[in-house]
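> here is a sequence together with a model predicted from it:
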Amino acid sequence: MMTASFKYGVSLYSYTDDFGTIMGLEEGFDAVAGTGATGIEILGEAHVKGYPEPSSQWLDTWFRLLDQYQLEPTNMCSWVDTRLHLERNLTVEEGAGELERDLTLAHRLGFKFLRPKFGVVTSDLDPDPIWEGAVERVLDLAHKLDIVICPEIHAPTPISHRVTQNYIQFIERTGTKNFALLIDFGIFQDRPLPFWPQETPEMREFDTAFLNGIKVNPEELLDIIQYVAFIQAKFHHINDDLEDEHIPLPKVISALKRAGYSGYLSSEYEGVRDPWVAIDQVRRQQLLMRKLEKDFDEGRLA
């Protein structure tokens, strides 16, 4: 059954421990393009030298690499540092100022999506209450720059949660096309992550849901897909049989295809950080996602 096709991208965050050691910006572009992906995602503070005001030389390099590797800027991740001051939280106006700063930089670099991470006030990742006023103040700018602001639905926050519903209510209330949801595949994790060296079960008690998976049913995507603009394809390990050991990827891909999603799946690796491992792992995940999409289109995946 043929449906709308996905677009495939990679976040440079996947190469966190490689970047700046065995990998510079050009090597990052080469790794992304080597997977067959067409989109590149970055973290503004981590990957833009001189953030938030890169030099003209850095900008020249950025655009040369985009052209050389035929990659499209997809999503720039940013932060609204609501606890920047120890004695107080940011005001709505200050939060809007940080969003304006990052929207301007994202536009300058050619990005169409901006994922702001507001400081949180609960263990369920409820964002600081200033988020709504701050976002509303920059909607006109986002519209002018043709950028969609995408807060992330990330474990331990499930789809059926007040955080997600508050974002949807904001979209409905404002009628904006410049604010939407970003879904992180980590919410679908249904098997525990392996223990890290020297980690004990007692140490994991504080992050049980996050590390063992919150097991959101991928079918819930069908209820909210009209509000989803971008997807970070979080994963931790693809084995030698080309299987994801923690995310039920066939179910996720099937739900997205049936929902008619045609945006980016941007690989976001968070597994073992030994040198070179991420490069191989991202390649594996890209192959697996393409295989599953083809299986769905040809009737081998329901």
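Okay, I see it.
> what segments of the stretch 201-302 of the chain are strands?
228-235, 264-269 (DSSP state E, counting those that start in this stretch).
> contacting residues for the residue nearest to Asp128 when sequence neighbours are not counted?
Residue nearest to Asp128 in three dimensions, not counting chain neighbours: Thr82, with 4.2 Å by C-beta to C-beta, 6 or more residues apart in numbering. The way it works is simple: take the backbone N, C-alpha and C, and place the C-beta from them, glycine included. For Thr82, the contacting residues are Asn89, Leu90, Gly95, Phe118, Gly119, Asp128, Ile130, by C-beta atoms under 8 Å, 6 or more residues apart in numbering.
> quick check: PyMOL command selecting the buried ones in the residues you listed.
Burial among those is assessed by 16 or more other C-beta atoms under 10 Å; the matching PyMOL selection reads:
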select buried, resi 89+90+95+118+119+128+130
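> hmm, which two among the contacts of Thr82 are most spread apart?
Farthest pair in the contacts of Thr82 (C-beta to C-beta) is Asn89 and Phe118. Separation: 10.3 Å.
> name the residues contacting each of those two.
Here Asn89 and Phe118 have Thr82, Asp128, Ile130 as joint contacts, going by C-beta under 8 Å, 6+ apart.
> looking at those, which are in helices?
Ile130 (DSSP state H).
> adding pLDDT and distance to Phe296, write the shared contacts of Asn89 and Phe118 out as CSV.
Listed next are these as CSV, based on pLDDT from 0 to 100; distance: C-beta to C-beta, whole Å:
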residue, pLDDT, distance to Phe296
Thr82, 95, 41
Asp128, 97, 39
Ile130, 98, 41
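> now the shared contacts of Asn89 and Phe118 in TSV, with distance to Lys215?
Below are the shared contacts of Asn89 and Phe118 laid out as TSV (distance: C-beta to C-beta, whole Å):
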residue	distance to Lys215
Thr82	30
Asp128	27
Ile130	31
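> what about the residue nearest to Glu132 when sequence neighbours are not counted, neighbour count?
What sits nearest to Glu132 in space, not counting adjacent residues and going by C-beta to C-beta, 6+ apart, is Phe170, at 6.1 Å. By other C-beta atoms under 10 Å, 17 other residues sit near Phe170.
> for Phe170, what are phi and psi?
When read as degrees, to the nearest 10, the backbone of Phe170 gives phi -60, psi -40.
> please renumber so the chain begins at 4
I'll keep to 4 as the first residue from here, and by that count the last item is Phe173.
> that one against Val138, yeah?
Yes. Using C-beta atoms under 8 Å, Phe173 makes contact with Val138 at a distance of 7.3 Å.
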